[in-house]
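Novice: Could you look at this predicted model? Sequence included:
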Amino acid sequence: MKLRLCSRGDLPTCEVRRFELADGRAVALYHLEDGFFATDDLCTHGEASLADGEIEDGRIVCPYHLGAFDIRTGKATDAPCHIPLKTYPVVEIDGELFVEGEKVEG
Amino acid sequence: MNAPHRWLQNNPGLGDGPIPVEPYISPEYYKREQEKIFSKVWLCVGREQELPKAGDYKVKRLDAAKTSVILMRGKDMRIRAFHNACAHRGNTVVTETGEETFGASKAAIVTCRFHGWVYGADGALKLVPQESNFYDCFRKEDNGLAPIHVDTWEGFIFVNVAQTPDATLAEFLGEYAGHFAGFPFDKLSYEFTYRTYLDCNWKVAHDAFAEAYHVETIHAGSFPNAFCGGLENVKLMGPHRTSAVCLTLGATPTAVATLANSLAQGSLVAVRGESMLPPTLNPDHRPNFAFELSVLFPNTLIHVSEGIWFTHQFWPMGHNKTLWEGRYYVAPPTSYSQRWALEHAMTLQRNAWLEDTATMEDTQRAMESGAKPFQNLQDDEILIRHGAHVVDTYVNA
């Protein structure tokens, strides 16, 4: 099941925004020059919302300790972050942006 | 013709005797000023417009109050103030790069670069790396940034580092607040700033700017025949004071000044209108009113005029060391020619301030020689006399 984030016009280029999904996750949606990308919003190092960070050269820089991740791959690029960030494919349908919902176990 | 001793007649309590030099040269007296004045009263530390966005912050060093203050705008758009000291082992949370350090955080947080402790704009300690290694007696909620009392007036930010201030900001400002209420400080937002360290007592710097008697001599180069040497409409308001400085009408401006004044309202040396002035300023509608010269105790001078306002601040760093900051504000230019005219005004003002500050270190050296234990003040130096009186009252309270 696909979960809607927003319309593509809602998020200007080079910006990031946090979305809380119906399945309990919080994701950060990024609008880069080559498209939309999504990752977990919570930093894997501290308890920071990455959507409060700054986008620099395709990386999201965490506001708490200035560690960073590659937005497209989730790879940790700058210390103190070292655990990669989970990424989610973003699907665009008729100008609306979605990520795939988590399957409920059981 | 004004009576030669009119300010004494209006304020006989200040007396007419010489003023001792000791408070300007004594390290001991300065210690008492730190304790009884700079650690107790409201100090003007900036403008709200310096922090326009949520998460914007500025750290200002306050040597005289023995601390540095973080001023930060929260996501609720409120400005709060804190000591720049980490609850962990006391490092500065924001690494300071000078007297004023500016920063911005979209997350509205500051992080100590030593061990990564994170504090919110509300002062709360939000994150401690490896928190579980601390002992049970450590609680994050008890270890936020130490708050400093903060309040605003007409867009100016004030702090008071006392645990419990003796007065609210409104009480402290008293009549002074009403005197300037309504002047469009915010609209005149095009700013230039000069600052320097001076080897002199902060009161030497204050005094040099708190009279117009010096203008015809020291400013003969920058402001020839521009201003009257006396003051008008002197008003003493608790620890604060104000007065009007007037132009010498009929002086011929230089050709370049004439052109600049026709393009923009940037220079003090021009006949001024009154459309922006609250009714308390230039109440007698003197045609030669130049600007209001006021002292907001202890260390801020605010001057206002049609289309211009400017401040001097004197931040003590020792009994004979002072950081001086001069800030000058006009309406933003709307054309290149106005931009040029404002550059002209700025240069003129810079030259005058260089002339002003140039005397201060000489004064301090001569005072420290001990050759002259007293200063002799004339009637139009009433603001200096009042200043000395107020400082001494606080120091001996």
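Specialist: Structure's in. What do you need? What you see is a predicted model, and the numbers here were worked out from it, not measured in a lab.
Novice: Now do stretch B:168-177, average pLDDT.
Specialist: If you average the pLDDT over stretch B:168-177, you get 98.
Novice: Need the distance between the two termini of it.
Specialist: 12 Å (Cα to Cα, to the nearest Å).
Novice: ok, now stretch B:370-383?
Specialist: Stretch B:370-383 has an end-to-end distance of 24 Å (Cα to Cα).
Novice: For it, the averaged confidence score.
Specialist: Stretch B:370-383 comes out at a mean pLDDT of 96.
Novice: Check what contacts it and list those residues.
Specialist: Identification of contacts with stretch B:370-383 by Cβ atoms under 8 Å, 6 or more residues apart in numbering or on different chains yields B:4-8, B:11, B:14, B:18-22, B:210-213, B:229-231, B:234, B:236, B:241, B:243, B:293, B:295, B:366, B:384-385. Any C-beta I mention is one placed from the backbone N, CA and C, and that applies to glycine too.
Novice: Filter those residues down to the buried ones, PyMOL style.
Specialist: For the buried members of the contacts of stretch B:370-383, the matching PyMOL selection, counting by 16 or more other Cβ atoms under 10 Å in any protein chain shown, is:
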select buried, chain B and resi 6+7+8+11+14+19+21+210+211+212+213+229+230+231+234+236+241+243+293+295+384+385
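Novice: what comes up buried for the helix or strand bottoming out on mean pLDDT in chain B?
Specialist: None of the helices or strands of chain B scores lower by mean pLDDT, DSSP states H and E than helix B:215-218, at a mean of 84. Neighbour counts using 16+ other Cβ under 10 Å place B:215, B:216, B:218 of helix B:215-218 among the buried residues.
Novice: Also stretch B:93-113?
Specialist: Neighbour counts over stretch B:93-113 (16+ other Cβ under 10 Å) mark B:93-94, B:99-101, B:105-112 as buried.
Novice: Stretch B:338-352 now?
Specialist: Across stretch B:338-352, burial judged by 16+ other Cβ under 10 Å covers B:338, B:339, B:340, B:341, B:342, B:344, B:345, B:346, B:348, B:349, B:352.
Novice: three-state assignment of the fourth one?
Specialist: Assigned by DSSP: H, G, I helix; E, B strand; the rest coil, the conformation of residue B:341 is helix.
Novice: go on, the first one?
Specialist: Under three-state DSSP, the three-state class of residue B:338 is helix.
Novice: packing partners for the helix or strand containing residue A:28?
Specialist: Element membership of residue A:28 [criterion: DSSP states H and E] is strand A:26-32. When contacts are defined as 3 or more Cβ pairs under 8 Å, 6 or more residues apart in numbering or on different chains; DSSP states H and E, strand A:26-32 sits against strand A:2-7, strand A:15-20, strand A:35-40.
Novice: tell me the most buried of those?
Specialist: Among the helices and strands packed on strand A:26-32, judged by mean count of other Cβ atoms under 10 Å in any protein chain shown, the one packed with the most neighbours on average is strand A:35-40 (a mean of 20).
Novice: List the buried residues for the very next helix or strand once past that one?
Specialist: Per DSSP H and E, the first helix or strand lying C-terminal to strand A:35-40 is strand A:54-56. Counting neighbours by 16+ other Cβ under 10 Å, one finds that the buried residues in strand A:54-56 are A:54, A:55.
Novice: So what touches strand A:54-56?
Specialist: Strand A:54-56 is contacted by residues A:14, A:15, A:16, A:30, A:32, A:60, A:61, A:63, A:68, A:71, B:106 when judged by Cβ under 8 Å, 6+ apart.
Novice: Partner strands of it and their direction?
Specialist: Paired strands of strand A:54-56, with direction, are strand A:59-61 (antiparallel) (DSSP bridges).
Novice: and the least confident helix or strand of chain B, C-alpha only, in CSV?
Specialist: These are the backbone C-alpha positions of helix B:215-218, laid out as CSV (Å, rounded to 0.1, in the frame of the first residue of the first chain):
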residue,chain,number,x,y,z
VAL,B,215,32.7,70.1,18.5
GLU,B,216,34.0,73.5,17.5
THR,B,217,37.6,72.5,18.4
ILE,B,218,38.1,68.8,17.8
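Novice: which residues sit against that helix?
Specialist: So helix B:215-218 is contacted by B:223, B:225, B:226, B:227, B:229, B:355, B:356, B:359 (Cβ under 8 Å, 6+ apart).
Novice: Equivalent analysis for stretch B:250-264, please.
Specialist: B:224-226, B:266-267, B:269-270, B:330-331, B:333, B:335, B:337-338, B:340-342, B:344-345, B:348.
Novice: Any buried residues in that stretch, and which?
Specialist: In stretch B:250-264, counting by 16+ other Cβ under 10 Å, buried: B:253, B:257, B:260, B:261, B:263, B:264.
Novice: thinking again about what came up before, among the contacts of stretch B:250-264, which are in helices?
Specialist: Taking DSSP state H, the ones among these that sit in helices are B:337, B:338, B:340, B:341, B:342, B:344, B:345, B:348.
Novice: quick one: the last one and residue B:219 touch, right?
Specialist: No: with contacts counted by Cβ atoms under 8 Å, residue B:348 stays clear of residue B:219, the gap being 10.2 Å.
Novice: Find residues that contact each of the two.
Specialist: Overlap of the contact sets of residue B:348 and residue B:219 (by Cβ under 8 Å, 6+ apart) is empty.
Novice: coming back round to it: using TSV, lay out the buried residues of stretch B:250-264 together with secondary structure.
Specialist: Below are the buried residues of stretch B:250-264 laid out as TSV (three-state DSSP):
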residue	secondary structure
B:253	coil
B:257	helix
B:260	helix
B:261	helix
B:263	helix
B:264	coil
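Novice: with these in mind, which one is nearest to residue B:154?
Specialist: Nearest to residue B:154 among those: residue B:264, at 23.7 Å, using Cβ to Cβ.
Novice: Could you pull up the residues touching the residue nearest to the closest one when sequence neighbours are not counted?
Specialist: What sits nearest to residue B:264 in space, not counting adjacent residues and going by Cβ to Cβ, 6 or more residues apart in numbering or on different chains, is residue B:341, at 3.8 Å. Residues in contact with residue B:341 (Cβ under 8 Å, 6+ apart) are B:259, B:260, B:261, B:263, B:264, B:266, B:333.
Novice: Make a markdown table out of the residues you listed and add pLDDT.
Specialist: As requested, the contacts of residue B:341 are exported to a markdown table (pLDDT from 0 to 100):
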| residue | pLDDT |
| --- | --- |
| B:259 | 92 |
| B:260 | 92 |
| B:261 | 89 |
| B:263 | 92 |
| B:264 | 90 |
| B:266 | 87 |
| B:333 | 96 |
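Novice: Relative to chain A, which of those is nearest.
Specialist: residue B:333 (30.4 Å; Cβ to the nearest Cβ).
Novice: distance of the closest residue in space to the closest one that isn't next to it in sequence from chain A?
Specialist: Computed as Cβ to Cβ, 6+ apart, the closest residue to residue B:333 that is not its neighbour in sequence is residue B:339, at 4.3 Å. Residue B:339 sits at a distance of 31 Å from chain A (criterion: Cβ to the nearest Cβ, to the nearest Å).
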